[in-house]
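*Asks:* My questions concern the predicted model and sequence given below.
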Amino acid sequence: MKKQALTILLILCSFKLAAQNSEIHGDFSLNLQSYIEDETINATAADEVVLNNAFLNLIYSSNNFTVGLRYESYLNALLDYDSEFKGNGIPYRYATYSIDGLEITAGNFYEQFGSGLIFRSYEEKGLGIDNAMDGVRLKYRIGKGISLKSFIGKSRTFFTYADGIFRGIDGEVDVNETFGLENQTKYILGGSFISRYEQRSNPKFIIPQNVAAYAGRLNILNGGWNYYGEYAYKINDPINSLQEREMNYASGSAFTNSITYSQRGFGVTAEIHRADNMLLLSERDRIGKAYIMNYIPTLSKPHAYTLLAIYPCATQAMGELGVQLDLFYKFKKGTLLGGKYGTKINLNLSRINALDSIGNSMLHDNIDHTPALLSFDEELYFSDINLEINKKVNKKVKYNAVFAHQKYNKDFLEGKTPGEYGTLSSTIGIIDLSYKIKKGHTIRIETQALFAKEIDSVSKKQEGDWIMALAEYTISPNWFFAIQDMYNYGNEDESKRLHYMNINFGFLKGATRFEIGYGKKREGIFCVGGVCKVVPSSNGLNLSITSSF
Amino acid sequence: MKKSFCFIILIGFLNSCDDLEGPYIDDTFVINGNGKNVLIEDFTAHRCSNCPNAAREIEAIHDVYGSKIISLAIHAGFQFAYPYDTTIAVNPDQKFTYDFRTIWGAEIDTKFGLSAGGLPNGMINRIDWTENGGDHRKDFSQWASITADELDKEVQFGININSTLVSGDTINITIDTEALTSLSGNYKLVVCLSENNIINWQTDGTYEDSDYVHSHVLRSLLTTSWGDDLTSASIYNGDIFNHTYSIDLSDLEDNNIQNSLNMNQGNGNAGGWDANNLYVIAYVYDVSNYEILQVEEKSLLTK
């Protein structure tokens, strides 16, 4: 009720303030899906038959003042969403104004410090994550090259707020600008601090009511060189159990370091990161991604092609060590490999493993374990070697080819009992060919194949080999039509050698897009930036509409 | 200047972190009690690798609060609870062939959406239930502190359980529920049987334990899942309500076997009850919000 009152107030306020330079804009999204039972793929029917997620963002701004809100509707939420998203509401509303370099926000806001190692409040609709803050935030540009931001608030969990109260401050100094340095090398320094207060009692163990985490970061830029490094630390943050083995008083830490060199037609990035016991929750005793308030950036390449992404790498904030090398090169036009239009290649290697055989840092009255700082000879979680070649053959034809070899520790990454599935080793080949038939008419054909190999002796039947084909016809700028089929022809369980066929049809007009599709979805893991969710199998019709104004 | 001052205030807020040093055990805690007991319903499954953590949490809570803590392990859900095939050719080690599920467990699980929220998961006296919300689902690391809060609540009912062996497998159970305060509203009584010390397979972390000791396993309900009316009249302080149930253990066991055969992927391997390890659990809840106001437990056969 309070929320509704505030909303009406905001709307009234916005009309009253209507003045020159004011505008209202927003966007709308609807995602409707029907679910029918399909025993062959283990898909269940929804009692409601049709489920729907929708939202509308409405933003009014006038000069240096902005108010906004988002109406969300889950009637009921799609099956790949947490069922606690239920009903309608206005869970996001805010007012912001800026004056003399100071920006004040009251209400909801998203915030990230550095790369997110100690704090990241964000929304990702694809994952069903929205941990928006509700509170007050100040951003202030103190002087040349120095900016500060700080906030106090609680984080959203579904249609309510978690118990933890977060206080945070982040400062960044552009050294060259602040001190008027005119050298070629540019230095940007940053530091951040987060404190969470959460009242908890425990009859057996002492509980820190205030838990702090801090981080420092450095960015050095020189010509084509770019170095970014960040280190983060979190003090003791046990859950609230009565079992000693569950009470971990060890501190947490994480670092990420990357160095990039780029020039026209060439770029290389080398990266290393490590996380140890670095999960910061909005409530110490809750489980689930809705409560996670920090973010360890992923160290593997985000793949868009279906078969490259069916075994994705989920980042392990509790403990992992990873390295990545990414190389980009463009063979120039007119050379042997470049041909008439040039050829782009991208080589990417990544490898992520456990910290050690025992696990993350652990501390209580009867154990004190700290894993090795850098040990690459530990249990492999994920590795990926992939080469992508992008070439325009002539005015009508262009293609993208990808060859990859991945290892995916399914038992660990999907929480299975060791020995059930082991580590999957897969070799993947993809050809994505586009042919421009005439002006505005393009056909695109994707063919993909995944050849799986068992590394370990396992107790469960494996999915084995896959092939996939997709044909997409686009009549720009308004229409597209696509048909695709994934076929799990190599499944060790013959009854699961199934086709997952999908057809999609889309219409775009201005800022509005309609898409309607029908088909089967495979049960699997879907990740964005190393944050993952389980997607149940489904069979049915889906309709999506997006629009903005 | 004013703005800088704002930041200084905020920095003051941040000067707060409790960096602790061992020993971490706190032996100064005093446990108060006023006769209120707490029911922890632990939704679990024999192939759920994290579920033994929740079972150990219950034992740890029990170690602190003793008999005030009563628990039920309710095996439920689509993913980890169903039994494996008993055919030797398919399952040579005969792992996970026992069916711990019950129709009542499934019904309660569906109503409250526990296994759908991921196992292990539980309810403490079923508090915080709302029609659309999920706050009643509690992760196991929340259980201790919520239990402590529940124990501090005012006690509204006293429950006394008596069981008498009539003959063979026939047992009479009487439940006397005493109102300790005058109340309006509707209240129901649920009576069930649980079994301790069942040795069978359980996935425990990365280990498949063939000799895991299953405790507090829900076996049967003597009422429906939603209980019998405590009374149709108004409730006054000092009123005593008497309910009697006559049961035949063999019938109840056969019932479970039949139910298992009727359930998704069930195999009928749900017998082998040991009457010496059976307990009667009786609880009273408020119909308006499902909150359990009092619970009591007693060994079925007087020892």
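*Replies:* That came through, no problem. Numbers count the residues shown, from 1 in each chain, chains lettered A, B, ... in the order given.

*Asks:* surely B:Ala60 meets A:Asn240?
*Replies:* No - the pair B:Ala60 and A:Asn240 does not pass the contact test of Cβ atoms under 8 Å, sitting 11.6 Å apart. C-beta: built from backbone N, CA, C; applies to glycine.

*Asks:* which residues are common contacts for these two?
*Replies:* With Cβ atoms under 8 Å, 6 or more residues apart in numbering or on different chains applied, the overlap between the contact sets of B:Ala60 and A:Asn240 consists of B:Ala144.

*Asks:* what ranges of chain B fall below the confidence cut-off?
*Replies:* Per-residue confidence for chain B (pLDDT under 70) gives these ranges: B:1-16, B:29-33, B:303.

*Asks:* so where do the strands sit in it?
*Replies:* With strands called from DSSP state E, chain B shows them at B:38-44, B:69-75, B:121-124, B:157-167, B:170-179, B:187-195, B:198-204, B:207-214, B:217-221, B:228-229, B:240-248, B:278-286, B:292-299.

*Asks:* Not counting its neighbours along the chain, what's nearest residue 263?
*Replies:* No chain specified, so I'll use chain A. A:Gly224 (4.8 Å; Cβ to Cβ, 6 or more residues apart in numbering or on different chains).

*Asks:* Can you look at chain B instead?
*Replies:* Distances taken as Cβ to Cβ, 6+ apart put B:Arg101 closest to B:Met263, at 6.0 Å, once the chain neighbours are dropped.

*Asks:* tell me the contacts of the one you found?
*Replies:* So, once contact is read as Cβ under 8 Å, 6+ apart, B:Arg101 ends up touching B:75-76, B:81-82, B:260, B:263, B:266, B:270.

*Asks:* Can you tell me how far the closest residue to B:Asp85 other than its chain neighbours is from A:Glu515?
*Replies:* Distance criterion Cβ to Cβ, 6+ apart; nearest residue to B:Asp85, sequence neighbours excluded, is B:Asn91 at 5.0 Å. When distances are taken as Cβ to Cβ, to the nearest Å, B:Asn91 and A:Glu515 turn out to be 45 Å apart.

*Asks:* got it, and A:Gln448?
*Replies:* Between A:Gln448 and A:Glu515 the distance is 22 Å, computed by Cβ to Cβ.

*Asks:* what about these two, which has more around it?
*Replies:* Set side by side, A:Gln448 and A:Glu515 show unequal neighbour counts under other Cβ atoms under 10 Å in any protein chain shown, the larger going to A:Gln448 at 21 against 17.

*Asks:* Dump stretch A:138-158 to CSV, keeping only the CA atoms.
*Replies:* Extracted as CSV, the C-alpha positions of stretch A:138-158 are listed here (Å, rounded to 0.1, in the frame of the first residue of the first chain):
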residue,chain,number,x,y,z
LEU,A,138,25.1,9.9,-2.9
LYS,A,139,27.5,10.4,-5.7
TYR,A,140,29.9,13.3,-5.5
ARG,A,141,32.5,14.6,-7.8
ILE,A,142,34.8,16.3,-5.3
GLY,A,143,37.2,17.9,-7.6
LYS,A,144,39.3,17.2,-10.6
GLY,A,145,39.5,13.5,-11.2
ILE,A,146,38.1,12.5,-7.8
SER,A,147,34.7,10.9,-7.4
LEU,A,148,33.0,9.4,-4.4
LYS,A,149,29.9,7.4,-4.1
SER,A,150,28.3,6.0,-1.0
PHE,A,151,25.0,4.4,0.0
ILE,A,152,23.0,2.7,2.7
GLY,A,153,20.2,0.3,1.9
LYS,A,154,18.7,-3.1,1.9
SER,A,155,18.7,-5.5,-1.1
ARG,A,156,15.7,-6.8,-2.9
THR,A,157,14.8,-10.5,-2.8
PHE,A,158,11.8,-11.2,-5.0
